[in-house]
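In: got a structure for you, letters missing:
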Ligand code: THU
């Protein structure tokens with residue numbers, strides 16, 4: 001299942017709209033229902049309006065009726081592994097646990113396997129508001 005998730009993230013990365021940074025990113029989520037949801041980054045001439053791949057995948061997941069992320073793969077090229085940005089770690093956190101698997105890959109292979117808890121320790125989440 002992880003291999004399929006990685007493939008989907010790599011596939012949707014090709015569809016990214018990133019004419020300003022030229023840095024294409026793809027994300028694929030394995031949800032609790034077993035459905036895979038994917039998204040890519042969509043930049044904008046007004047730079048801050050652009051959105052990350054993870055945000056697109058989460059939006060697709062919510063639109064599809066799922067609310068729990070079991071694993072997420074993020075694909076991006078470069079010498080450094082394409083780890084989710086700070087804002088996206090918090091976006092993933094909303095629908096995850098500390099054990100949620102995060103797979104970081106490039107267009108060829110898995111670079112790093114970690115968890116949301118390691119990427120965002122002592123996080124603030126829905127439980128804090130109860
Ligand atoms: N980007 C993502 O899509 N996800 C991340 O977690 C890191 C950054 C995108 C945003 C922007 O379009 C490009 O990568 C360069 O920052």
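Out: Alright, I've got the coordinates. Not measured: the values here are computed from a predicted model.

In: after the helix or strand containing residue 5 comes which helix or strand?
Out: For residue 5, the element it lies in under DSSP states H and E is helix 2-13. As assigned by DSSP H and E, the chain's next helix or strand after helix 2-13 is strand 25-31.

In: what's the burial count for residue 33?
Out: Counted with other Cβ atoms under 10 Å, residues neighbouring residue 33 total 14. Backbone N, C-alpha and C define where each C-beta goes, glycine included.

In: I figured it hits residue 66, correct?
Out: Yes. Taking Cβ atoms under 8 Å as the definition, residue 33 is a contact partner of residue 66 at 5.4 Å.

In: ok, the spatially most central residue of the chain - contacts?
Out: Centroid-nearest residue in the chain: residue 54, 3.4 Å away (criterion: Cα atoms, centre = their mean). The contact partners of residue 54, taken as Cβ atoms under 8 Å, 6 or more residues apart in numbering, are 27, 39, 72, 74, 84, 88, 91, 92.

In: Of the residues you listed, which is the most crowded?
Out: In the contacts of residue 54, the most neighbours by other Cβ under 10 Å go to residue 27, 31 neighbours.

In: So which bits of this structure are right by the ligand?
Out: Counting by Cβ under 6 Å from any ligand atom, the chain comes close to the ligand at 18, 21, 23, 25, 41, 43, 50, 52-54, 84-85, 88.

In: give me the number of residues near the closest residue to residue 42 other than its chain neighbours?
Out: Nearest residue to residue 42 in three dimensions, chain neighbours excluded: residue 17, at 4.8 Å (Cβ to Cβ, 6 or more residues apart in numbering). Neighbour count of residue 17, defined by other Cβ under 10 Å: 13.

In: Now do the contacts for residue 17.
Out: 40, 41, 42, 43.

In: roughly how far apart are the third one and residue 120?
Out: According to Cβ to Cβ, to the nearest Å, residue 42 stands 23 Å off from residue 120.

In: Surely residue 2 and residue 71 touch.
Out: Yes. The pair residue 2 / residue 71 is scored as a contact, 6.7 Å apart, by Cβ under 8 Å.

In: Give me the common contacts of those two.
Out: Counting by Cβ under 8 Å, 6+ apart, the common neighbours of residue 2 and residue 71 are 101, 103.
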